[in-house]
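In: what follows is a predicted protein model with its sequence.
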Amino acid sequence: MNISQLRVEALRALIGDLKTKEFADRYNLDPSYLSQLLNGHRPMGDKAAKNLEDKIGLTGGTLLMPARSAQDGLALGIESGPILINPFRRAPLLGVAQLKQDGAWEELERGTGWVDVPTSDPTAYSLRIKGDALAPAIRNGWVVWCEPRREPVPGEYVLLALSNGEKTIKELLYANAEEVSLMSINGTYGRLTVPLTEIETIHYVGGIVPPSQVQT
């Protein structure tokens, strides 16, 4: 496997289960160009690999000098070393959530920029909160960042997207094969139990940062 193919494999691992266009939109990439790289119609040279690292917010060398697979190493009699994880990644700001009185929202206002967050999830993203419905836990103007690939943890915050288009941030109490139980994070609206059939996604909330951390 040549260096360009190794770089493409590393890029595929970063994209994971996301659609190519969804990944491209998240990091302001050209989806057509990205597809050409993934399909092998365009080689990923040094300049292309470095540009992608910068735009996605990866540690230098992640795409430029990707490690060979464990199988390649074993074939050469080399033991696998520790996996190096970048402590910080760029979580793009997808938009501004204008909260309703109950702390929910449906549409995002346009947002730009990103926050650097300590996560190994390449699909991490962030949202700016507008309104005081989630205060004092999440203040007006502050930013939450989410990790879609991390398993939600009972007792911690999650961003819940319902099938009716409504989204909200709550404390996860428990989740099973039938339902999810949540608690309002400011105690105003109490406990809520939602059937799994009414839930689109549940994303782990990795943290909350002040507006000064947003970069453009």
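Out: Received, thanks.
In: domains of this protein?
Out: According to automatic domain parsing, the chain comprises the domains 3-75, 89-213.
In: quick one: low-confidence parts of this structure?
Out: 1, 67-87 (pLDDT under 70).
In: could you pull out the strands in it for me?
Out: 89-98, 104-105, 108-109, 114-117, 125-130, 143-147, 157-162, 167-175, 179-183, 191-195, 199-209 (DSSP state E).
In: start to end distance for stretch 110-120?
Out: 26 Å (C-alpha to C-alpha, to the nearest Å).
In: distance between it and the chain's centre?
Out: 9 Å (C-alpha atoms, centre = their mean, to the nearest Å).
In: look up the closest residue to the residue positioned nearest the centre of the chain, ignoring the ones flanking it.
Out: Centroid-nearest residue in the chain, with C-alpha atoms, centre = their mean: Ala124, separated by 1.7 Å. The shortest distance from Ala124 to any non-neighbouring residue, by C-beta to C-beta, 6 or more residues apart in numbering, is to Ala91 (4.3 Å). Backbone N, C-alpha and C define where each C-beta goes, glycine included.
In: what about the one you found, how many neighbours?
Out: By the measure other C-beta atoms under 10 Å, the count of residues near Ala91 is 28.
In: can you check Ala97 too?
Out: So Ala97, with other C-beta under 10 Å, has 26 neighbours.
In: contacts only, for it.
Out: If you count contacts by C-beta atoms under 8 Å, 6 or more residues apart in numbering, Ala97 has them with 105, 108-109, 127-130, 167.
In: 10 Å instead?
Out: Shown in contact with Ala97 (C-beta atoms under 10 Å, 6 or more residues apart in numbering): 103-109, 111, 127-131, 134, 138, 144, 159, 167-169.
In: which strands or helices does the top helix by length along the chain pack on?
Out: When the chain is scanned for its longest helix (criterion: DSSP state H), the result is helix 3-15. Under the contact definition 3 or more C-beta pairs under 10 Å, 6 or more residues apart in numbering; DSSP states H and E, helix 3-15 sits against helix 20-26, helix 31-38, helix 46-56.
In: start and end of stretch 101-116, how far apart?
Out: Start-to-end, stretch 101-116 (C-alpha to C-alpha) is 30 Å.
In: actually stretch 190-200, not the one I typed
Out: 22 Å.
In: PyMOL command for the buried members of the contacts of Ala97?
Out: A single PyMOL command is used to select the members of those judged buried by 16 or more other C-beta atoms under 10 Å:
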select buried, resi 103+104+105+108+111+127+128+129+130+131+134+138+144+159+167+168+169
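In: still on that earlier bit, buried residues of the longest helix of the chain, list them for me.
Out: Residues of helix 3-15 classed as buried under the neighbour-count rule (16+ other C-beta under 10 Å) are 4, 6-8, 10-11, 14-15.
In: which residue comes closest to Leu34 once chain neighbours are left out?
Out: Leu34 sits nearest to Ala24 (C-beta to C-beta, 6+ apart), 5.0 Å away.
In: wait, isn't Gly141 in contact with Gly111?
Out: No - checked against C-beta atoms under 10 Å, the pair Gly141 and Gly111 is beyond contact range at 11.9 Å.
In: most tightly surrounded among the strands of the chain?
Out: Among those, strand 143-147 has the highest mean neighbour count (mean count of other C-beta atoms under 10 Å), at a mean of 25.
In: kindly export it (C-alpha atoms) in PDB.
Out: This file holds the C-alpha atoms of strand 143-147, laid out as PDB (Å, rounded to 0.1, in the frame of the first residue of the first chain):
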ATOM      1  CA  VAL A 143     -20.800  27.100  23.800                       C
ATOM      2  CA  VAL A 144     -21.500  23.400  24.300                       C
ATOM      3  CA  TRP A 145     -19.500  20.800  22.400                       C
ATOM      4  CA  CYS A 146     -20.700  17.300  21.600                       C
ATOM      5  CA  GLU A 147     -19.100  13.900  20.800                       C
END
